[in-house]
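K.L.:
how would this look folded up:
(chains A and B)
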Amino acid sequence: MTLAKPLGGGLPLGAVLLREELAGALQVGDHGSTFGGNPVAAAASLVIMDRLTSGGFLGKVEKKGKMLGRNLRAMQRKYPSQIRDVRGLGLMFGIELSGPASPIVAALRARGILATRAGENVLRLLPPLVVKRSELRSFLVAFDDVLAKGIGMQMEGGGGAVA
Amino acid sequence: MTTLLPVYERDLVIVSGKGALLTDSAGNTYLDFAAGIGVNGLGYGNGKVVSAIKKQASRLIHSSNLYFTEPVTRLADALVKASFPARVFFTNSGTESVEAAIKFARRIGNASGRTELVAFEGGFHGRTMGALSITWKEKYRAPFEPLVPGVRFCPWNDPASPPRTSCRASPTSAARQGHCSCPTRCNAGSGARAPSSPSSGRTSGPIS
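P.N.:
Below is the predicted model:
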């Protein structure tokens, strides 16, 4: 199992977990890393691990994710010609659009939201797990505005809103 | 004008952050739905994280793997406790983790003539040459061929394909089950795929 991304609290840190019964196949000298396993990154990671595994943190993340997912799917029903699919787990979502994602990303930024795309047509949402419900609602309001204005849509005759 | 290699399209200068908010050099505040590409799970300016970093940095920043350090051994224990009986190898990034996993799979598989690496269509595993070899998107791989040989791509979430002997394995059970090793990661952000269905027998999918 390979890990990285949020493991180090922002500091570079990754890990591979090799099943115990297979680990004997690896001998001294087979692999190495000068920097791998930095104690400062590990200290930050212990804080992360502690937060993730206590106080029902992940349960709350799941609830926020369900709320976001419900609203995104409602938006898909409201704008069926613009949103093809909504898929996600927890607070990570990919919104497949019928048009290019770049204009949507730009329009969201103009509304004070930073998001990215995954491929040409997918808007990727990956907020910090500590994002507040009020902030999720702010996103939904902005996203609704962007879709209502038809941004990124290919209109007949070639026109279309850009902001 | 920048002396950075222009492999990213960017125009914002980010200065600071708090919670899920970021501030740029012009003083604008943004709601962050990128989290530094899925990195800032606990947001910005987390007091406990900063304090742990400051404390450790003032004691010892780096000693190399020639020696043990207490935060690293404790973290390895915590990861194993939260997952399954395992031995941990620490790296500095996801792509490095994947590189190590590929080497481990080859080391284990070579002993019995199993050298094939199996990866899933749509998967993204990293930009370094090994991880790139098992990354699906042709556009990412093409300019850097020839890559690591012996890679087979299988459809995602399709229990009927490929042949059962090849793709039921997870990277950690390669030696037990199949002819090859399936690198799967717990963050499939760039792949933008649907999570693995329980019936498919796959051992991973994107998680937050």
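
K.L.:
okay, CA-based contacts and neighbour counts for the rest of this
P.N.:
Will do.

K.L.:
Regarding chain B, what is its longest helix?
P.N.:
With secondary structure taken from DSSP state H, chain B has its longest helix at helix B:94-110.

K.L.:
I'd like the mean pLDDT over it, please.
P.N.:
Here helix B:94-110 scores 96 as its mean pLDDT.

K.L.:
packing partners for it?
P.N.:
Applying 3 or more Cα pairs under 8 Å, 6 or more residues apart in numbering or on different chains; DSSP states H and E, one finds that helix B:94-110 makes contact with strand A:2-3, strand A:14-19, helix B:129-133, helix B:174-177, strand B:180-181.

K.L.:
tell me which residues of it are tucked away?
P.N.:
Neighbour counts over helix B:94-110 (16 or more other Cα atoms under 10 Å in any protein chain shown) mark B:94-109 as buried.

K.L.:
Same question for stretch A:27-45.
P.N.:
Within stretch A:27-45, the residues that qualify as buried are A:35, A:36, A:37, A:38, A:39, A:40, A:41, A:42, A:43, A:44, A:45, counting by 16+ other Cα under 10 Å.

K.L.:
roughly how far is the longest helix anywhere in chain A from the heart of the chain?
P.N.:
When chain A is parsed with DSSP H, its longest helix is helix A:57-78. Centre-to-centre, helix A:57-78 and its host chain are 13 Å apart (Cα atoms, centre = their mean, to the nearest Å).

K.L.:
Does chain B have contacts with the helix or strand following that helix?
P.N.:
With elements assigned by DSSP states H and E, the helix or strand that comes after helix A:57-78 is strand A:83-89. Yes - Strand A:83-89 is in contact with chain B by Cα under 8 Å from any Cα of the partner chain, via A:87, A:88, A:89.

K.L.:
Can you list the buried residues in strand A:83-89?
P.N.:
A:83, A:84, A:86, A:87, A:88, A:89.

K.L.:
Who are the contact partners of the residue nearest to the spatial centre of chain A?
P.N.:
Centroid-nearest residue in chain A, with Cα atoms, centre = their mean: residue A:126, separated by 2.0 Å. Remark: with contacts taken as Cα atoms under 8 Å, 6 or more residues apart in numbering or on different chains, residue A:126 is in contact with A:91, A:92, A:93, A:115, B:33, B:34, B:35, B:37, B:38.

K.L.:
which SS class is the third one?
P.N.:
For residue A:93, the secondary-structure state derived from DSSP: H, G, I helix; E, B strand; the rest coil is strand.
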